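Participant: A structural model of the following input is requested.
(one chain, ligands or ions: 1)
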Amino acid sequence: MQVKKAVIPAAGLGTRFLPATKAIPKELLPVVNKPVIQYVVEEAVAAGIVEAIFVVSSGKSAILDHFDYLFEIEETLRQRGKKDLLREMETLHELASIISVRQKKPLGLGHAILTAKDVVGDQPFAVLLGDDLIDSKVPCIRQMIDVYEKTGAAVVGVMEVPPSDVPLYGIVKGVQEGPRLLRVDAMVEKPSVAEAPSNLAIVGRYVLPPSIFEAIEKTKPGKGGEIQITDALAQLARDKGVVAYQFEGDRYDVGDRVGFLLANAVFGLRDPQLRDRFRSALKALLEKSQEG
Ligand code: G1P
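Facilitator: The predicted structure is shown next:
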C-alpha cells in the first residue's frame with residue numbers, strides 16, 4: 001500500500017527557543033522567508049504525500065492558519081499586481097490537504113503519534129518532525145518510503161553523531177543489510193554516553209506501518225516519564241522488524257540555536273535574490289570578527 005499520509009507532530013513547547021517561542025509556535029520560526037514547518041510539508045508533498053495531519057496543542061493554531069487560504073492577503077496581492085507572491089501564496093494552501101488533531105497533554109512523541117490513529121486508519125504513514133530540516137536532492141522521506149516499499153518494515157531515518165551528542169537522540173544498533181541499511185536489534189531513547197549501543201541517531205523521519213499504534217498503546221512511560229516512539233519501535237523491532245536507513249542529505253536541527261542559524265545561512269546563500277549580497281556581507285563580517 002502506498003504511503004500517502006504524513007503525521008507532523010507540532011504540539012511541543014519550544015522551550016529551547018524562548019523567549020522567541022512565547023507567543024509564536026517554534027514551527028513558525030523562519031528560515032529565510034519561510035517557516036520551518038513549510039519546508040517539512042514541502043518535503044512530504046515532493047515525496048508524494050497528499051494529506052498532512054498536524055498534531056497540535058493549544059496556542060498552535062497559527063500553524064494551521066499558515067496553510068490556510070487568507071482572502072485579505074491574496075486579494076491585496078491580486079489588486080497590487082504582485083503575481084509571483086500571489087502564486088506562492090496560492091501554492092501554499094494547495095500543497096496538501098491539512099487535517100489537525102489535538103494532543104491534550106504533553107505525554108511524549110509516541111503519544112502524539114497515537115493521537116492521529118483514527119485519521120491515519122489502517123495504512124502505512126510517514127512521520128516528520130518539524131525540528132529537523134533535511135536538505136537533499138531526493139526528499140529524505142521519499143528515500144525512506146522507497147525503503148519501506150522494498151522491505152515492508154518500519155523505517156527510521158538515522159545519521160552518525162559525535163559520541164558526546166548521543167544523549168540527545170534515540171540511538172539504534174543493527175546489522176548491515178544493504179547499502180545505508182541496517183536491520184535494527186536495539187533502540188534506546190536518549191541513553192548516556194556509557195549506555196549508548198552506537199552513535200547512530202534517529203532524526204525526525206519515520207515511515208511506520210499501522211501496527212505501530214498497537215505497539216504504542218502497549219508502551220509504558222519511558223525516558224522523562226513520556227510515551228516514547230523509540231520504545232514502541234523497539235517492541236516492533238522484536239516482533240516484526242524495523243530497519244534504519246542512513247539517508248542521503250544534510251540535516252539541520254533548527255530547534256537548536258546554532259542549527260537554526262546555520263540553516264538560515266545555507267538557505268540564504270542559495271536564494272538567487274539574496275546570495276550575492278548575503279555572501280559579501282557575510283565575508284565582510286567574518287573578516288571583521290577575525291580582526292577583532
Ligand atoms: C525526538 C525523539 C528522538 C529523536 C529526535 C530527533 O526527540 O524522541 O528519538 O532522536 O526526536 O530529532 P526530541 O528531540 O523531540 O526530544
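
Participant: quick check: residue 115 vs residue 81, distance?
Facilitator: Computed as Cβ to Cβ, to the nearest Å, the residue 115 to residue 81 distance reads 44 Å. C-beta coordinates here come from the backbone N, C-alpha and C atoms, glycine included.

Participant: and the residue of the stretch 1-150 of the chain that's closest to the ligand?
Facilitator: Using Cβ to the nearest ligand atom, the single residue of the stretch 1-150 of the chain nearest to the ligand is residue 109, 4.8 Å away.

Participant: more neighbours: which of residue 115 and residue 81?
Facilitator: Neighbour count, other Cβ atoms under 10 Å: between residue 115 and residue 81, residue 115 has more, with 21 against 7.

Participant: where does that one fall, phi/psi-wise?
Facilitator: For residue 115, the backbone dihedrals (degrees, to the nearest 10) come out as phi -60, psi -30.

Participant: my read is that it contacts residue 100, right?
Facilitator: No: applying Cβ atoms under 8 Å, one finds residue 115 not in contact with residue 100, separated by 10.2 Å.

Participant: quick check: neighbours shared by those two?
Facilitator: By Cβ atoms under 8 Å, 6 or more residues apart in numbering, residue 115 and residue 100 have these common neighbours: residue 55.

Participant: show me the helices in the stretch 51-200 of the chain, by range?
Facilitator: 61-66, 71-79, 83-94, 109-114, 117-120, 140-151 (DSSP state H, counting those that start in this stretch).

Participant: as a markdown table, the ones you listed with mean neighbour count and mean pLDDT would be great.
Facilitator: Output for these, formatted as a markdown table (neighbours: other Cβ atoms under 10 Å; pLDDT from 0 to 100):
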| stretch | mean neighbour count | mean pLDDT |
| --- | --- | --- |
| helix 61-66 | 16 | 90 |
| helix 71-79 | 12 | 87 |
| helix 83-94 | 13 | 82 |
| helix 109-114 | 25 | 98 |
| helix 117-120 | 16 | 98 |
| helix 140-151 | 20 | 97 |
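
Participant: out of those, nearest to residue 9?
Facilitator: helix 109-114 (4.2 Å; Cβ to Cβ).

Participant: give me every residue in this protein lying close to the ligand.
Facilitator: Contact residues, the chain versus the ligand (Cβ under 6 Å from any ligand atom): 109, 129, 131-132, 169-170, 189, 201-204, 228, 230.

Participant: narrow the residues you listed to those in strands?
Facilitator: 132, 170, 189, 201, 202, 203, 204 (DSSP state E).

Participant: rewinding a little: can you put the helices of the stretch 51-200 of the chain in a markdown table and add distance to residue 193?
Facilitator: What follows is the helices of the stretch 51-200 of the chain, written out as a markdown table (distance: least, Cβ to Cβ, whole Å):
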| stretch | distance to residue 193 |
| --- | --- |
| helix 61-66 | 35 |
| helix 71-79 | 49 |
| helix 83-94 | 42 |
| helix 109-114 | 22 |
| helix 117-120 | 35 |
| helix 140-151 | 27 |
